[in-house]
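J.: Sharing a model prediction with you, sequence too.
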Amino acid sequence: MNSVHSHRQYKLLPIGLSHKVPALVAALMASPSGSKVAVAAAFQVLWCQDSLAIMTGINPDAPIGTKLAFVSGGSGILLWHRSDNLAFAIIAGGASSIKPGDSVECKIRGILQVLDETRGPITRKEYELMQAPAGDSLYGAVVNYIGQPITEVDTPANSAAVQKHKSKTAAVAALNAQQQGEEQQQQLKRPGVMTSWEEDDGPDIAGHGIDALGLERLKPLINQQVAMKNRDQITESLFTGVKALDTLTPLGRGASLLVIGPNGSGKTTLALDAIQGCQKGARIRCVLSSTTQTAEQLDRRLKVLEAAGCLDNTAVFFAPPDATLGTRLATVMAAAAAGERIRDEGGHSLVVLDDLAPLSDAWDKLVLALADLGQEKLREGLIKDEAGNDVALSPQTEQELVDYEGMLVSGAVAQRRGFFSILFLRAAKLHSSFGGGSMSLLPLVPGRPASGTKAQIDMSKYQTLSEEQKEKLSAMLEKKKAAEAAVMALSVGPGEVKTETVEEFISIADGQVVLEPSMNAPSTSSEAAVGPVPFSVNPKLSITRVGSRAYYKALEHLAPQIRLDLAQAEDARKFATNQDDPVLRRYEAYSQRIAAALQQQPGEPVPLEELVVILFAIQSGLADTVQPRDVSAFLAEGLDLLRRDNAKVLTDIAKSKQLTAASEKGITETFKSLLQQRGSQ
């Protein structure tokens, strides 16, 4: 197309009622008896369940997040284009009335006509995107994904919204009773449903009819990723106050960092600590999506944030565990939308997703449903190749290798990675020309990473072995591999994500924190049932691809050395021939001191200046004479002494974010004084 604007003519044409086509067609084709005549199957629902749908005929140029209108009056959101003729969707309203065979169409705001001198008239559609609440009134409140407060969760913001709703409802009822009579009063439309939801049924979630919060700012519920040219390199730290995370896998502003662990490993505890820690200094805006806890459990956990003064700066999107899968996925997406609004206005946000299971569960359910539809059904003109010929989905075509972002993967894997990426790639640090804001993601993943089983050994390289020996060795390795796979399969607990999917998430995200299984893990899948759970980070499996760029200056030399020291201790254990070797015992004691130094109590995030002091004391050998079991108490005493006798050291580190020679001297003198005091006792 010619790029010179003088050769084009633009005109945005309103399309009137064309976005209501399914409903109009149904009305026009109704028989006198009221029964509906079958509508042409050009745009129809193939499958619908659990507030999810598979459709055919959806406009291939419609972006994800486009609003959908069903002939039944229901509403939906375009979730993913499976092919040019096949699409997935979230059903938002009227799910009970939607059935296979119903017509569906994208909602269009207008048609853009472009006149090009070489190609002639070109028509483009401008689609209407489903919006999510993202305004400041969300902060301090707990809402569903359309912004209606959850009355079962008692926060000041929720209580104020409920009281306002009661007053408004009483006033409206009195006015209607006086002016319109009881009959018209009963026909009043339920107040408070978000303006984006125009269908009579409204969304399929309990909102109690309360006015939605956050409508002063809107963002697309499912948004396109930020273009690479509009992004900036991640070079700023988002300090969380979680010692192990900030030391081993620093979170950069604009990065996505997974928190992986089985049930009861402390993922939610870590996330809530991170919300507290990142607000102590920088006052980062935080957003939390909760889809694993009941309202009562969430209420108890949020009391911790309220007591710490962090709830007023945190927006919480909630869906109970028994909500439909589509509703839980929309709740996750709404949290990301709220964080994007802060980012796009030049601010910095941290979005915690508790948890990520709705994303993988939705994909698995839709793909299985697609397979169950049958090849004959799918060949009815639903999927076509570039020549326009019908194409059937088969295991053979799904396993064919394709080029996806420079990697050769199967078609099925490419589709799954693309689907998962619609959420992960929403995390971004914007270029300064676009405000320089950032949105960081901290998704919680219930599950375990791979065990590290090695690839198949090529027996042909071992020429000194007989064929019989090779066969025995190969059989032994296969047996071991099968046993490890069986253990991993059995280790997937209720509500946990498959290891294969966990690995897929790892390959897309910017890093991961892996938590060790707790010896006192609760039997339930939600940690909220038993309160805060102490967590322990696996330093070997926890990595970040952002690297040292995400460290503050005060940590960029201390923290990487900790990882190196732990790796050396691991090698010493692995290759030691004598367990009583003094070198090995020295490494063991040192790694135990590091582990003790990185432990922390739930609900007690550690500020930057204190973490710097802790790491410097360990690396400088100031704790070498302290037994590992006493290290935590020793470091706490040293910090107390530093606050009392040399508080300027902590103040200087907090202000400059650097560790100067003067600060190092002050820390050393303080801890040596503590050692002398302990030695004289």
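T.: It's in.
J.: all contacts plus neighbour counts: C-alpha atoms, from now on.
T.: Fine.
J.: how far away is Val304 from Val242?
T.: 16 Å (CA to CA, to the nearest Å).
J.: ugh, typo on my part, it should be Ile275
T.: Distance from Ile275 to Val242, by CA to CA: 10 Å.
J.: Ok, Ser542 next?
T.: The value you get for Ser542 to Val242, if CA to CA is used, is 14 Å.
J.: between those two, who's got more neighbours?
T.: Val242 (30 against 19; other CA atoms under 10 Å).
J.: For that one, which non-adjacent residue is closest in space?
T.: Pro605 (5.7 Å; CA to CA, 6 or more residues apart in numbering).
J.: I figured Val332 was touching Ala357, is that so?
T.: No: counting by CA atoms under 8 Å, Ala357 is not a contact partner of Val332; they are 9.9 Å apart.
J.: ok, these two, which is more surrounded?
T.: Neighbours per residue, other CA under 10 Å: of Val332 and Ala357, the larger number sits with Val332, 31 against 26.
J.: Which secondary structure elements does the helix or strand harbouring that one sit against?
T.: Element membership for Val332 (DSSP states H and E) is helix 325-344. Counting by 3 or more CA pairs under 8 Å, 6 or more residues apart in numbering; DSSP states H and E, the packing neighbours recorded for helix 325-344 are strand 86-93, strand 131-133, strand 218-220, strand 285-290, strand 314-318, strand 348-354, helix 357-372, strand 438-446.
J.: Mind doing that once more with 6 Å?
T.: In terms of contacts (3 or more CA pairs under 6 Å, 6 or more residues apart in numbering; DSSP states H and E), helix 325-344 is not packed against any helix or strand.
J.: what inclination does that helix have with respect to strand 348-354?
T.: 170 degrees (axes from the mean of the first three to the mean of the last three CA atoms, to 10 degrees).
J.: hang on, Ser159 in a helix?
T.: Yes: counting by DSSP: H, G, I helix; E, B strand; the rest coil, Ser159 is found in a helix.
J.: Phi and psi next, for the closest residue to it other than its chain neighbours.
T.: Nearest residue to Ser159 in three dimensions, chain neighbours excluded: Thr151, at 7.4 Å (CA to CA, 6+ apart). Main-chain dihedrals, Thr151, degrees, to the nearest 10: phi -70, psi -20.
J.: what pLDDT does Thr151 get?
T.: Looking at Thr151, its pLDDT is 86.
J.: swap in Glu405?
T.: 53.
J.: going forward, begin numbering at 44 instead of 1
T.: Okay, residue one is now 44; in that scheme the one you just asked about reads as Glu448.
J.: can you pull the pLDDT of Gly480?
T.: pLDDT recorded at Gly480 is 94.
J.: thought it was touching Glu383?
T.: No: with contact defined as CA atoms under 6 Å, Gly480 and Glu383 do not form a contacting pair (9.1 Å).
J.: Comparing those two, which shows the higher neighbour count?
T.: Using other CA under 10 Å, the more surrounded residue of Gly480 and Glu383 is Glu383, with 28 against 24.
J.: distance of that one from Arg460?
T.: 22 Å.
J.: what does Leu411 give?
T.: Counting by CA to CA - Leu411 and Arg460 are separated by 17 Å.
J.: Can you pick out the residue with more neighbours from those two?
T.: A direct count of neighbours by other CA under 10 Å for Leu411 and Arg460 places Arg460 higher, at 18 against 11.
J.: Could you look up the SS state of Val157?
T.: Classification of Val157 using three-state DSSP returns strand.
J.: Where does the prediction get shaky in the chain?
T.: 44-85, 208, 212, 215-216, 219-253, 417-454, 494-508, 522-535, 561-574, 723-724 (pLDDT under 70).
J.: residues in contact with Ala639?
T.: Ser675 (CA atoms under 6 Å, 6 or more residues apart in numbering).
J.: ok, now with 10 Å
T.: Counting by CA atoms under 10 Å, 6 or more residues apart in numbering, Ala639 touches 633, 671-676, 678.
J.: do the same with Gly320
T.: With CA under 10 Å, 6+ apart, Gly320 has these contacts: 281-285, 314, 326-327, 351, 353, 646-651.
J.: Asp93: which of the residues you listed is nearest?
T.: Ranked by distance to Asp93 (CA to CA), the contacts of Gly320 are led by Ala314 at 28.3 Å.
J.: could you measure the closest residue to the closest one other than its chain neighbours against Arg386, distance?
T.: Among residues not flanking Ala314 along the chain, Val395 sits closest, at 6.8 Å (CA to CA, 6+ apart). Look at Val395 and Arg386: by CA to CA, they are 15 Å apart.
J.: and if you look at Ser146?
T.: Distance from Ser146 to Arg386, by CA to CA: 38 Å.
J.: Give me the residues contacting the host helix or strand of Lys715.
T.: Counting by DSSP H and E, the element that carries Lys715 is helix 704-723. Here helix 704-723 makes contact (CA under 10 Å, 6+ apart) with 655-657, 659-660, 663-666, 668-669, 677-678, 680-686, 688-696, 703.
J.: Got a quick PyMOL command for the buried subset of those residues?
T.: In PyMOL, this line selects whichever of the contacts of helix 704-723 come out buried by 16 or more other CA atoms under 10 Å:
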select buried, resi 655+656+657+659+660+665+666+669+677+678+681+682+684+685+689+692+693+695+696
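J.: Helices - which of the contacts of helix 704-723 land there?
T.: 655-657, 659-660, 677-678, 680-686, 688, 690-696 (DSSP state H).
J.: Distance-wise, check Glu543 relative to Arg592.
T.: Distance from Glu543 to Arg592, by CA to CA: 30 Å.
J.: which one of the two has more residues nearby?
T.: Per other CA under 10 Å, whichever of Glu543 and Arg592 has more neighbours is Arg592, with 17 against 13.
J.: what sits against the nearest residue to that one once chain neighbours are set aside?
T.: Once flanking residues are discounted, Arg592 sits nearest to Thr278: 4.9 Å by CA to CA, 6+ apart. Thr278 makes contact with 295-297, 472, 589-595, according to CA under 10 Å, 6+ apart.
J.: Thr278 - that's part of a helix, no?
T.: No: if the criterion is three-state DSSP, then Thr278 is coil and not within a helix.
J.: separation between it and Val655?
T.: In terms of CA to CA, Thr278 sits 19 Å off from Val655.
J.: how far away is Pro305 from Leu520?
T.: 27 Å.
J.: same deal with Lys700?
T.: From Lys700 to Leu520 the distance is 51 Å (CA to CA).
J.: again, but for Ala338
T.: Ala338 is 49 Å from Leu520, by CA to CA.
J.: hmm, back to that, settle this for me: the residue nearest to Val285 is touching Gly324, isn't it.
T.: No: in this structure, Pro648 is not within contact of Gly324 by CA atoms under 10 Å, at 11.5 Å.
J.: who's in contact with Ser483?
T.: If you count contacts by CA under 10 Å, 6+ apart, then Ser483 has 281, 294-300, 329, 379, 382-383, 386, 391-395, 467, 469-472 around it.
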